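>>> pasting the structure only:
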């Protein structure tokens, strides 16, 4: 970095010298001395001025062509595997690509090939930092807005303050030597940008990185928390979308828990966490009678029915009070909630059957070659009503769900009517076609016998 600054300074000096030289040369050419006929004198002056210019710009070329050696890297490349690894990994490190090197974290003097001089504490050498000190060490740069703007004007600089408030940060402050610090997630020496698919904190890699600690029963035995989160997440609809389908819009661990400020969402915050993606559903729930009940009893909103790490794809089977219905977890047979749940389930099932019947008729008409585009449009709209009714279940209002179901059934019945009309038209056309064929055959036969009679005569 120092070498680069010197080179830039020398280049700026060279440019300034060139400008001065150009002005001096113009002055010299206009001066009365050049009016002399002494050609040898004129050549001598020009050569002298060019020599001055060359000496002025030489340092810039010297710095540009002869980069300073980093003996930290050169030395470590000759060592055994463990000590050689930092030198091998640093070339892909995002910090190294931005002009930083070993000295910026470890201190010392990388220009010295002597071991004692390179690692002189008087030159700031700290060696391998203690695990608990790493957040503050990284924060020396990453928590300094003025410094970080030199590399990215939009980069966040609150990671350290967030970390200190996180569960990890609090345990680190207590001296816990196992808790996650910066290098636990971002790696060390080979730190890659977050958007790099090879980075351990790339969105599709994050669950595995978190699981490297949280799924290790032996490592986590002192914390009295579950270690099956990754196993459950892989089975969830979110895990399937992210890990199997590669959908980078699907939530991973930090989507709910945070990253640098990682913490356990409390009961009252769960709904707000889910609302980052499922905003309409949460808004409907917030206006429902369940909101006040959940707040009073301290029940987590979405999690009470959908779970947390193992959130499965929702189906109509979880509605109502029969089979896998979830409503019976809280509502008894003689309660108002039980009756409302039964009615909502019945309404939705009725709409589904109506849509299925209408779809069969419209499909049959289309197979017969009839024009049914309007019927298919109305059928699609009725399916949208079914989807909407499932969402509005979170209002837990039989009236609101009933309105949507009624609208959907009206569209489904309209599509069914159009389909039936198309089938009837097809039957009519088929009868007309049969009659037409009969008359054509009759006329053909009559003509045939007429011709035969004319031939005999």
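Sure thing, it's come through. Everything quoted here is computed from the prediction, not taken from an experiment. Numbers count the residues shown, from 1 in each chain.
>>> residues in contact with the residue nearest to residue 200 when sequence neighbours are not counted?
Closest residue to residue 200 apart from its sequence neighbours, by Cβ to Cβ, 6 or more residues apart in numbering: residue 209 at 4.6 Å. The way it works is simple: take the backbone N, C-alpha and C, and place the C-beta from them, glycine included. Residues near residue 209 by Cβ atoms under 8 Å, 6 or more residues apart in numbering: 185, 200-201.
>>> Rebuild the residues you listed as JSON lines, extending it with neighbour count, pLDDT and distance to residue 318.
Putting the contacts of residue 209 into JSON lines (neighbours: other Cβ atoms under 10 Å; pLDDT from 0 to 100; distance: Cβ to Cβ, whole Å) gives the following:
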{"residue": "185", "neighbour count": "20", "pLDDT": "96", "distance to residue 318": "35"}
{"residue": "200", "neighbour count": "19", "pLDDT": "95", "distance to residue 318": "36"}
{"residue": "201", "neighbour count": "20", "pLDDT": "96", "distance to residue 318": "34"}
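>>> With secondary structure added, can I get the residues you listed in JSON lines?
What follows is those, written out as JSON lines (DSSP: H, G, I helix; E, B strand; the rest coil):
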{"residue": "185", "secondary structure": "helix"}
{"residue": "200", "secondary structure": "coil"}
{"residue": "201", "secondary structure": "coil"}
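>>> what's the closest of the residues you listed to residue 260?
residue 185 (9.1 Å; Cβ to Cβ).
>>> residues in contact with the closest one?
200-201, 209, 259.
>>> Look up which helix or strand the residue nearest to residue 200 falls in, please.
Following DSSP states H and E, one finds residue 209 within helix 206-214.
>>> what do you get for residue 407?
Using DSSP H and E, residue 407 sits in helix 398-456.
>>> burial count for residue 442?
10 (other Cβ atoms under 10 Å).
>>> repeat for residue 336
Neighbour count of residue 336, defined by other Cβ under 10 Å: 9.
>>> what's the distance between it and residue 293?
12 Å (Cβ to Cβ, to the nearest Å).
>>> And for residue 377?
Distance from residue 377 to residue 293, by Cβ to Cβ: 41 Å.
>>> what do you get for residue 239?
30 Å.
>>> Tell me which of the two has more neighbours.
residue 239 (21 against 12).
>>> Now flag whichever of the contacts of residue 185 is closest to residue 193.
Closest to residue 193, out of all of these and judged by Cβ to Cβ, is residue 201, at 9.3 Å.
>>> Relative to residue 133, how far out is residue 105?
11 Å.
>>> Please say which of the two ends up with more neighbours.
Taking other Cβ under 10 Å, residue 105 and residue 133 do not tie; residue 105 has more neighbours (18 against 12).
>>> Do you know the pLDDT at that one?
Listed pLDDT for residue 105 reads 93.
>>> Stretch 434-443: which residues count as buried?
For stretch 434-443, the neighbour count (16 or more other Cβ atoms under 10 Å) marks no residue as buried.
>>> Just give me the neighbour total for the residue nearest to residue 145 when sequence neighbours are not counted.
Counting by Cβ to Cβ, 6+ apart, residue 145 lies nearest to residue 157, which is 4.7 Å off, once chain neighbours are set aside. Neighbour count of residue 157, defined by other Cβ under 10 Å: 16.
>>> for the one 5 residues further on, same thing?
Taking other Cβ under 10 Å as the neighbour definition, residue 162 ends up with a count of 16.
>>> what's the answer for the one 5 residues further on, then?
Residue 167 sits with 16 neighbouring residues when counted by other Cβ under 10 Å.
>>> For it, list the residues it contacts.
262-264 are the contacts of residue 167 under Cβ under 8 Å, 6+ apart.
>>> Same list (those residues) but as a markdown table, adding pLDDT and distance to residue 326.
Below are these laid out as a markdown table (pLDDT from 0 to 100; distance: Cβ to Cβ, whole Å):
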| residue | pLDDT | distance to residue 326 |
| --- | --- | --- |
| 262 | 92 | 29 |
| 263 | 88 | 28 |
| 264 | 80 | 23 |
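>>> for those residues, which one is nearest residue 177?
Closest to residue 177, out of all of those and judged by Cβ to Cβ, is residue 262, at 18.0 Å.
>>> ok, the closest one touching residue 166?
Yes - using Cβ atoms under 8 Å, residue 262 is in contact with residue 166, at 4.9 Å.
>>> Could you say which helix or strand holds the nearest residue to residue 119 once chain neighbours are set aside?
Counting by Cβ to Cβ, 6+ apart, residue 125 is the residue found nearest to residue 119 once chain neighbours are left out, at 4.7 Å. In this structure, residue 125 sits in neither a helix nor a strand according to DSSP H and E.
>>> ok, residue 125 to residue 427 distance?
94 Å.
>>> Between the two, tell me which one has more neighbours.
Neighbours were counted for residue 125 and for residue 427 using other Cβ under 10 Å; residue 125 has more, 15 against 11.
>>> I'd say that one and residue 110 touch.
No - the criterion here is Cβ under 8 Å, and residue 125 misses it with residue 110 at 10.3 Å.
>>> what is in contact with those two at once?
Common neighbours of residue 125 and residue 110 (Cβ under 8 Å, 6+ apart) are residue 118.
>>> can you tell me how far the residue nearest to residue 119 sits from residue 135?
20 Å.
>>> What of residue 122?
Taken as Cβ to Cβ, the span from residue 122 to residue 135 is 26 Å.
>>> quick one: which of the two has more around it?
Remark: of residue 122 and residue 135, residue 135 carries more neighbours, 23 against 8, as counted by other Cβ under 10 Å.
>>> For that one, which residues are in contact?
Residue 135 sits in contact with 160, 163-164, 169, 172, 181-182, where contact means Cβ under 8 Å, 6+ apart.
>>> Low-confidence stretches in this protein?
Counting by pLDDT under 70, the low-confidence segments of the chain come to 1-68, 267-268.
>>> Residue ranges of each domain in it, please.
2-68, 69-128, 132-248, 265-313, 336-444 (automatic domain parsing).
>>> Can you lay out these as JSON lines showing distance to residue 453?
Converted to JSON lines, the domains of the chain look like this (distance: least, Cβ to Cβ, whole Å):
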{"stretch": "domain 2-68", "distance to residue 453": "113"}
{"stretch": "domain 69-128", "distance to residue 453": "101"}
{"stretch": "domain 132-248", "distance to residue 453": "78"}
{"stretch": "domain 265-313", "distance to residue 453": "78"}
{"stretch": "domain 336-444", "distance to residue 453": "15"}
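>>> what about residue 157, is that helix, strand or coil?
coil.
>>> That one contacts residue 148, doesn't it?
Yes - proximity of residue 157 to residue 148 meets the contact threshold set by Cβ under 8 Å, at 5.4 Å.
>>> show me what contacts the nearest residue to residue 414 once chain neighbours are set aside?
Using Cβ to Cβ, 6+ apart and skipping the chain neighbours, the partner closest in space to residue 414 is residue 378 (5.0 Å). For residue 378, the contacting residues are 411-412, 414-415, 418, by Cβ under 8 Å, 6+ apart.
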